[in-house]
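Visitor: Turn this into a structure:
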Amino acid sequence: MMKQQAFEIIERGYTLCENSGVGILYCDAFSRIPDIEHGFSTRLGGVSPAPYDAMNLSLTRDDSKENVLRNYRIFFEEAGINVETAVLVNHEHGSNVIRVDKADCGRGLFRESLPLCDGIITDDPAVTLVTLHADCGCVYLFDPVNRAIGLAHAGWKGTFKRIAQRMVERMKEKFSSDPANIIASLGPCICKNCFEVDERIGNDFIAEFSCESIKMSGRKGKAFVDIEAALVIQLIDAGIDRKNISSMGLCTYERSDILYSYRRDKGLTGAMIGYLKLRR
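Guide: Model prediction:
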């Protein structure tokens, strides 16, 4: 099967649940797995003022820390998870992946940040993995045999550096995970019709992922790149079966009603989170 065919036919589907004004997105495929809790926040239900309205979950925006921490508490209460269990990625748009456990709970939110990393993995059900997003991809991994999980922030630079594949490799190393058993899903990200870059970057993606259709023509000197396709390809290259890969299939740029987009809003925007937790 050609690579473009592989990523075109993965399962796509999401459910948006709104309670008390708080919106949480769930991947339909991951929602069928009883051993994990997962989700992706929306801009709905928080207390932040415009232009961060309303559920801004980034502490690096020009929004008060009090607002952001209150948003976290509102969101996690709605998700049914203790916010004190959260461990936040400390992303640098790279491919570093680190293992965390109960001793790391609260890092990046209530205490010091983790070392620089774009992926975090654990086999500890006391931990809730958290990544931040405002166009960048979100990669969820679950190994049902060894009961281990991974979550990654995947901007275009991290995607090009194969952050999703590196996370699979780290799960093999730390938890003896067999990629053939791993189940993967992708959260919302900027889609191939909206992510315009320099043509050189588009050509680099073709070379790295051996897929001509990963790049589409744009304005003179520009091109559009399919971040989701690059993530799917590297997950397959890592040994994950295509049938075990799914996506929410939502574009952050297009869905201004429920999602933040750094590019669409020219940086004056909040950030969302992906979260993933093992059930005890």
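
Visitor: Phi, psi for the closest residue in space to Arg12 that isn't next to it in sequence please.
Guide: Closest residue to Arg12 apart from its sequence neighbours, by C-beta to C-beta, 6 or more residues apart in numbering: Gly249 at 3.4 Å. Glycine gets a C-beta too; all of them are placed from N, C-alpha and C. Main-chain dihedrals, Gly249, degrees, to the nearest 10: phi 70, psi 30.

Visitor: Next one, pLDDT for Gly249 please.
Guide: The confidence metric pLDDT takes the value 96 at Gly249.

Visitor: How much space separates it from Ile36?
Guide: Gly249 is 19 Å from Ile36, where distance means C-beta to C-beta, to the nearest Å.

Visitor: Ser177 falls within a strand, correct?
Guide: No: Ser177 is assigned coil when assessed by DSSP: H, G, I helix; E, B strand; the rest coil, not a strand.

Visitor: Wait, it touches Asp143, no?
Guide: Yes: shown here, Ser177 and Asp143 form a contact pair, counting by C-beta atoms under 8 Å, at 4.2 Å.

Visitor: if I look at those two, which residues touch both of them?
Guide: The contact sets of Ser177 and Asp143 overlap at Met171 (C-beta atoms under 8 Å, 6 or more residues apart in numbering).

Visitor: Who has more neighbours out of the two?
Guide: Neighbours were counted for Ser177 and for Asp143 using other C-beta atoms under 10 Å; Ser177 has more, 26 against 22.

Visitor: Let me see the contact set for that one.
Guide: Applying C-beta under 8 Å, 6+ apart, the residues contacting Ser177 are 143, 145-146, 148, 168, 171.

Visitor: Check those residues and tell me the two furthest apart.
Guide: Maximum pairwise distance in those, criterion C-beta to C-beta, is 13.9 Å, between Val145 and Val168.

Visitor: Comparing those two, which shows the higher neighbour count?
Guide: Val168 (27 against 12).

Visitor: which SS state does the one residue sitting closest to the centre of the chain fall under?
Guide: In the chain, the residue lying closest to the centroid (C-alpha atoms, centre = their mean) is Cys138, at 1.3 Å. For Cys138, the assignment made with three-state DSSP gives strand.

Visitor: Please enumerate the helices of the stretch 151-280 of the chain.
Guide: 156-160, 163-175, 199-209, 227-237 (DSSP state H, counting those that start in this stretch).

Visitor: and among those helices, the most buried is which?
Guide: Each of these was scored by mean neighbour count; the highest is helix 227-237, a mean of 24, by mean count of other C-beta atoms under 10 Å.

Visitor: any idea of the angle that helix forms with helix 199-209?
Guide: 20 degrees (axes from the mean of the first three to the mean of the last three C-alpha atoms, to 10 degrees).

Visitor: and the angle from helix 227-237 to helix 163-175?
Guide: Using the same axes, to 10 degrees: helix 227-237 against helix 163-175 is 40 degrees.

Visitor: what's helix 227-237 packed up against?
Guide: Counting contacts by 3 or more C-beta pairs under 8 Å, 6 or more residues apart in numbering; DSSP states H and E, helix 227-237 packs against helix 3-8, strand 137-143, helix 156-160, helix 163-175, strand 183-186, helix 199-209, strand 245-247.
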